[in-house]
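K.L.:
What shape does this take:
(chains A and B)
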Amino acid sequence: MDMNQYLDVFVEEAKEHLQNLNISLLELEKEPNNVTVLNEIFRVAHTLKGMAGTMGFSRMTNLTHNMENVLDVLRSKKIEADITVVDTLFKCLDALEGYVNEIISTGGEGEQEYEEIVQSLTDILDKSPEAKAQPKKKKAGKKADDSNANQKDKGLRLNLNIYDKNVIQKAIEESLNVFQIYVELDNKCLLKSARAFLIFQILDKYSEIMKSEPSVEDIEDERFDYSFTVMVVTKHDETLFQKELNSVAEVRNVEVVRITEEHTEDIQDEEGDKYTQDDKHDTADIDSAAQAQKPGAAKRLTNKTVRVDIDRLDVLMNLVSELIIIKTRLDDVGVGEKTNEYIAALENLERITTSLHDAVMKVRMVPVENVFNRFPRMVRDISKELKKDIVLHMSGEETELDRTVIDEIGEPLIHIIRNSADHGIENTKDRVAKGKSKTGSIWLRAYQDGNNVVIEVEDDGMGIDIEKVRKKIVEKGFEEEEVAANMTQSEVIEYLFKPNFSTADKVTDLSGRGVGLDVVKTKIEALGGTIELETEWGKGSKTIIRLPLTLAIIQALLVMVGSEKYAIPLSSIREINNISPAEIKNVRNQEVILLRDMVIPIIWLHDVLEVPREKSYANKKELTCVIVKKGDKLSGLIVDSLIGQQEIVIKSLGKLLSGIRCMAGATILGDGNVALIVDVNAIV
Amino acid sequence: MGAEKKQFVVFRLDNEEYGADINKVTIIERPMNITRVPMTPHYIKGVINLRGDIIPVMSLRLRLGLDEIDEDENTRIIIFNINGISFGAIVDSVSEVLQFDDSQIEGVSSIISDKALDYISGVAKAKDKLVTLLNLEKLIAELIPA
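P.N.:
Alright, predicted model coming up:
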């Protein structure tokens, strides 16, 4: 049986479920008695079991099966979800993630049996009051008959299976009644199906018909003797049904029996047995069991989504980019001969390509939630490990980032959060001694700022000891003592991002080796982003990561600097002003202008871009100044002239040149020439 | 497997002939508009638009320590691709493709001990001329982010 084609789907769906499981387990920890959460966890384990079974992953199936047993006992309140139980379930989650990772890298689930975890699960079961510990491994396939016999003993005519059991349980949870209604028609009844139809109508009015023996089709075709049985879910009680049904002509007998959980007790997953045997499955068994499992699994995932290969999205993205470039070419072509119609059509085209671009960009955007989700668990584990009291506050999870960025941003964030927890937040004793709250906080925020997405990690720990870093800089020979003494705080912090630089006294498992922050910085810069670190000794630290929002197409302002064309992203531009040279003042060696009561520093793009300019501008009548913003900071960029606004496609400068600080990339203009895109954030 | 024959694109810089592994050559283009990129080493002339891709271009003369000359009708830009990284090199002219086997190629260490010339991987002898074989990776080594 070749399952390889399904491996991708399996992995994708498994990952989603494990994500779900993660969230639910964290909720369970906070509210151990929440039945909804327990049911959700049960459902996930059950689905995963089905999926694993279909793929032939016996160990994973075994583990989830055991999880199910424990969860079942938990949700029927036979045991409490105490800390051991929750910890064990977390370990199960880790084990399942281990299996999925193994599957991703090798295609098979590996050899790991995780016996200790299975043992812990069994131990929990043994502690339950009804430790009948149903030796499922011993019971063979005669289960169906057994449960039937049981049911008949309890007076049920219907043969209930696992689906019915789920339905019944759900109904009971929602405080609805489940009845088995047995109807016997007069044996002189001529039109049995018509009579049955009337009865079904009445039942429909007051309840939902869940099951019918014989089946509804058979009844419609009159393939029954004189009686049939149905199972209904309703909020009404027995007497109503007795009354209504008995008042139908030609009905001889009506029996209404309430179905309770007791009736469903003995219904087992018949499939369960087969998986706990050794690995030589009958493939036919798996198939039939899988058939039964699959519809259940499918139902849970109907999310109206489609999985799309990232490569296909890239192709789509490229085509849209090319379209926009050509549209720009059309703008330049036929400059003298444009008729009104031509212009109108061109504007239409512009509107459509912009919409197309937006739509395609949205397709690639994924909420950061996907990455943030694993952090509460991580912080919880770390705070236990370090014996500190740390809580994580998250906000802005709905902020979206391009898919490729999301994949890469996880590791750097993990490192930064670990740093905060390990080196930032003090232990409880110290915090109380300092007058801080017992619980340390780490804030994880994401929000959009212009053309960027900003992710902040802030902690209220002890901050960074700048003096210690300064000493380290001298110790390691980076700078002389006098130079180091004169460095500003931000210059000192820059050194933390250098490889092999660490001021931690001890190297812990988590951090302190000095290889972390420089890797983080490299990764973030590779994504086209920037990272900054702010700190206050004693109060805490804040790491700010800025990532470009769209990787491909933006609105830009084309300007001339010297004889060269450059593009400035429109989203960074606040306004454009013409200033007279006289307005430029000198404050502490920095040229500034006064803009409506604000003092704004001036930067000559010529200097940044190494374009020769006349140093004396006093004889010019006016200068063109583009006021740009970075977060809250405003700056004025002096250029020679403006060309115009244009939609441009951002092209990477390639591996060799992407390290250049003030260039965010390049674009191809309508005439085929390359114009460089100014990285405002790096200049300001 | 006796002598392995390797093919080289042979080009000229200032009366000297140089060779580069043909497997690493993507295409040879006529000169085109180069957009200057600030804050790059002096031998990087800028970037070009090669059918939609942005490719950095270096003056091989400057890179090898020679003076620049004006371009003429023979000047070409050879586009190389090393491990997925594309870049172009401006040369005076491209002459031919030659094949050398190992016996015709002499290693460098016996001739040159100057580490600064590590971009030379060997010297090949063909009929009546010597072709200096370039180590392309070393040409761009200092540009690749660590």
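K.L.:
Next one: residue A:443 from residue A:406, what distance?
P.N.:
The gap separating residue A:443 from residue A:406 is 20 Å, by CB to CB, to the nearest Å. C-beta coordinates here come from the backbone N, C-alpha and C atoms, glycine included.
K.L.:
Sorry, wrong one. I was asking about residue B:14.
P.N.:
Distance from residue B:14 to residue A:406, by CB to CB: 51 Å.
K.L.:
Could you do residue A:625 as well?
P.N.:
From residue A:625 to residue A:406 the distance is 37 Å (CB to CB).
K.L.:
which of those two has more neighbours?
P.N.:
Comparing residue A:625 with residue A:406 by other CB atoms under 10 Å in any protein chain shown, the one with more neighbours is residue A:625, at 23 against 19.
K.L.:
Please identify which helix or strand holds the residue nearest to the more buried one when sequence neighbours are not counted.
P.N.:
Nearest residue to residue A:625, sequence neighbours excluded (CB to CB, 6 or more residues apart in numbering or on different chains): residue A:636, at 4.4 Å. Per DSSP states H and E, residue A:636 falls inside strand A:633-639.
K.L.:
ok, residues contacting whichever helix or strand comes after that strand?
P.N.:
Using DSSP H and E, the next helix or strand after strand A:633-639 towards the C-terminus is strand A:641-649. The contact list for strand A:641-649, computed with CB atoms under 8 Å, 6 or more residues apart in numbering or on different chains, reads A:321, A:324-325, A:328, A:350, A:354, A:552-560, A:565, A:567, A:570, A:576, A:624, A:667-669, A:675, A:677.
K.L.:
Show me the shaky parts of chain B.
P.N.:
B:1-4, B:109-117, B:145-146 (pLDDT under 70).
K.L.:
Kindly report the residues of it close to chain A.
P.N.:
Applying CB under 8 Å from any CB of the partner chain, we find that chain B lies next to chain A at B:33, B:35-40, B:44, B:46-49, B:52-56, B:84-87, B:140, B:143-145.
K.L.:
Just the buried residues of those.
P.N.:
B:35-38, B:40, B:44, B:46-49, B:54-56, B:85-87, B:140, B:143 (16 or more other CB atoms under 10 Å in any protein chain shown).
K.L.:
Next step: the residues you listed restricted to helices.
P.N.:
Among these, the ones falling in helices (DSSP state H) are residue B:140.
K.L.:
now, which of the buried ones among the residues of chain B next to chain A lie within strands?
P.N.:
Using DSSP state E, the subset of those located in strands is B:44, B:46-49, B:54-56, B:85-87.
K.L.:
interface residues of the stretch 401-550 of chain A facing chain B?
P.N.:
residue A:522.
K.L.:
So residue A:374 sits against residue A:23, correct?
P.N.:
No: the criterion here is CB atoms under 8 Å, and residue A:374 misses it with residue A:23 at 9.7 Å.
K.L.:
which stretch of helix or strand covers residue A:665?
P.N.:
Per DSSP H and E: strand A:663-668 holds residue A:665.
K.L.:
contact partners of that strand?
P.N.:
With CB under 8 Å, 6+ apart, strand A:663-668 has contacts from A:325, A:528, A:548, A:556, A:567, A:569, A:648-653, A:657, A:674-680, A:682, B:35, B:37-38, B:47, B:49, B:52, B:54.
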